[in-house]
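Chemist: I would like the atomic coordinates for the input below:
(one chain, ligands or ions: 1)
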Amino acid sequence: MKILILSTPVGALSSGIGGGVELTIYNLIQEMQLRHHQVTVVAPKGSKFANANIIEIDGNVHIPAQTQTRNTPITMPENSVLGNMWEYARQVQSDYDVLVNFAFDWLPFYLTPFFQTSIAHFISMGSLSDSLDQIMAETALQYPDNFAVYTQAQADTFPFPEVCQCLSSGIDLSLYKFQPSAEKKLAWLGRIAPEKALEDAVKASDITQIPLLIFGKIQDEDYWQNIVQEYPNAPITYKGFLSTTDLQQELGNCSALLMTPRWIEAFGNVAIEALACGVPVISYARGGPAEIVTDGKTGFLVTPDSIDELVTAIARIPQIERTICRQIAEQEYSLQVWGDRFEAWLKSLIVNS
Ligand code: UDP
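Modeler: Model (predicted):
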């Protein structure tokens, strides 16, 4: 297949602003190239991926949907990078068998009937906007095979869950070293932004006085500063936004990953990265992580927003066998298994077009 991937317009690839979708795009390129498909990526200027042929597009980035309210009108910045990316796609579409959209934005859904080449829409977040839901639902009616998501919990947030194919996620397990033992410290990992509720993990660290290492892009500086000021005695260390190689090394040395999302997390790539290192995951029982973590086996699922239950679960970490965490990652989240599902979905769209 000749595949054209259209990235998210919220920031350059490798900046961390795109969150888990950046890793998902990286992995898709890797896996499809291994299968001898020809892959090209269209992404905002400044995007860098070692494995990819990237067409960098100029223009202004878009505001991430999760920073808006449900009824915020759809807006386009002047000289929109998304508009420019899709104009490029329009011009070259006949050179490709399928286009893969990773933007959680109104425009690519609206454009779908105007393109001759099939557009596969990979939805990277749960429902956040009424206008976006509406255009997605209209597009899904006409193109029911063209929608895929990470998890069922994510699909269920939309008015069209029945058409969503759940593809889950996968990672290159060879990049994540299994670490059989760990130090007494916890990890928190992801974009530092209100929907991720880092403050809950910091509270748990404050109560238990177990060090918490924080990794990820600071997307909302005020939010981060408030946390630092509010919990001066919490033993937290901000480690920055690390490459996968450095991240897995540090993460593998932690006794558990805390996931405290306030929103319905579509998946949580960080959960499977932790499991791959042998690190148990303690998460709120909502959204994607609730489908990934098996309570008592690969970590603990606690009542959402309950700090008390987080603290109780932290005390139970020694009950989890780190080898089982790695085993589950190998069985369920290999790049190959995920690649089979993704490839089959893309092929089905070409056959049907
Ligand atoms: N991440 C990273 N380096 C860091 C911290 C995070 O590369 O120091 C990546 C991590 O590998 C994951 C992403 O950031 O792919 C966070 O994705 P997740 O799916 O957990 O959440 P999202 O940001 O998409 O809501």
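
Chemist: Can you tell me the closest non-neighbouring residue to Gln248?
Modeler: If you skip the residues right next to it in sequence, Gln248 has Tyr176 as its closest partner in space, 4.6 Å away by Cβ to Cβ, 6 or more residues apart in numbering. Glycine gets a C-beta too; all of them are placed from N, C-alpha and C.

Chemist: Tell me who's in contact with that neighbour.
Modeler: Taking Cβ atoms under 8 Å, 6 or more residues apart in numbering, we find Tyr176 in contact with 244, 248, 252, 273, 276-277, 329.

Chemist: got it, and Ile63?
Modeler: Counting by Cβ under 8 Å, 6+ apart, Ile63 touches 10, 75, 77.

Chemist: Straight-line length of stretch 48-61, end to end?
Modeler: According to Cα to Cα, to the nearest Å, stretch 48-61 extends 16 Å from its N-terminal end residue to its C-terminal end residue.

Chemist: what's the average pLDDT for it?
Modeler: Stretch 48-61 carries an average pLDDT of 96.

Chemist: Could you pick out the buried ones from the contacts of Ile63?
Modeler: Burial by neighbour count, 16 or more other Cβ atoms under 10 Å: within the contacts of Ile63 this picks out Val10.

Chemist: can you tell me which of the contacts of Ile63 lies nearest to the ligand?
Modeler: Ranked by distance to the ligand (Cβ to the nearest ligand atom), the contacts of Ile63 are led by Val10 at 10.5 Å.

Chemist: Please tell me how far the spatially closest residue to that closest one that is not a sequence neighbour sits from Ile328.
Modeler: If the residues on either side of it in the chain are set aside, Val10 comes closest to Pro64, at 4.7 Å by Cβ to Cβ, 6+ apart. Taken as Cβ to Cβ, to the nearest Å, the spacing of Pro64 relative to Ile328 amounts to 31 Å.

Chemist: Looking at the two, which has the bigger crowd around it?
Modeler: When Pro64 and Ile328 are compared on other Cβ atoms under 10 Å, the one with more neighbours turns out to be Pro64, at 22 against 18.

Chemist: Between the contacts of Ile63, which sits nearest Asp58?
Modeler: Nearest to Asp58 among the contacts of Ile63 is Pro77, at 12.3 Å by Cβ to Cβ.

Chemist: For that closest one, list the residues it contacts.
Modeler: With the criterion set at Cβ under 8 Å, 6+ apart, Pro77 makes contact with 59-63.

Chemist: one more time with 7 Å, if that's ok
Modeler: When contacts are counted by Cβ atoms under 7 Å, 6 or more residues apart in numbering, Pro77 is found next to 60, 62.

Chemist: Tell me the confidence at it?
Modeler: Per-residue confidence at Pro77 stands at 97 (pLDDT).

Chemist: got the residues of the chain near the ligand?
Modeler: Residues of the chain found near the ligand, taking Cβ under 6 Å from any ligand atom as the criterion, are 19-21, 23, 189-191, 215-216, 241-242, 244, 247, 267-270, 273.

Chemist: mind listing which of the residues you listed are in helices?
Modeler: When DSSP state H defines the helices, the subset of the residues of the chain next to the ligand inside them is 20-21, 23, 244, 247, 269-270, 273.

Chemist: Can you select the buried ones from the residues you listed in PyMOL?
Modeler: Here is the PyMOL selection string for the buried members of those, based on 16+ other Cβ under 10 Å:
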select buried, resi 20+21+23+247+269+270+273
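
Chemist: which one of the ones in helices among the residues of the chain next to the ligand sits closest to Ile314?
Modeler: Where those are concerned, and distances follow Cβ to Cβ, Ile314 has its nearest neighbour in Val270, at 17.4 Å.

Chemist: Could you check what's spatially nearest to that closest one, not counting adjacent residues?
Modeler: For Val270, the spatially nearest residue (Cβ to Cβ, 6+ apart) is Leu189, at 4.4 Å.

Chemist: what about the one you found, distance to Gly268?
Modeler: According to Cβ to Cβ, Leu189 and Gly268 sit 10 Å apart.

Chemist: Can you list the residue ranges for strands in this structure?
Modeler: Along the chain, the stretches classed as strands by DSSP state E are 2-6, 38-44, 54-57, 98-101, 118-122, 147-149, 165-166, 186-189, 212-215, 236-240, 256-259, 281-284, 299-302.

Chemist: With mean neighbour count added, can I get the ones you listed in CSV?
Modeler: Formatted as CSV, the entries for the strands of the chain read as follows, by neighbours: other Cβ atoms under 10 Å:
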stretch, mean neighbour count
strand 2-6, 21
strand 38-44, 22
strand 54-57, 19
strand 98-101, 25
strand 118-122, 23
strand 147-149, 23
strand 165-166, 17
strand 186-189, 27
strand 212-215, 22
strand 236-240, 14
strand 256-259, 28
strand 281-284, 27
strand 299-302, 24
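
Chemist: In TSV, list those along with distance to Glu343.
Modeler: What follows is the strands of the chain, written out as TSV (distance: least, Cβ to Cβ, whole Å):
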stretch	distance to Glu343
strand 2-6	10
strand 38-44	12
strand 54-57	21
strand 98-101	11
strand 118-122	11
strand 147-149	12
strand 165-166	13
strand 186-189	28
strand 212-215	31
strand 236-240	35
strand 256-259	29
strand 281-284	28
strand 299-302	30
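
Chemist: That's all I had, so thanks and see you.
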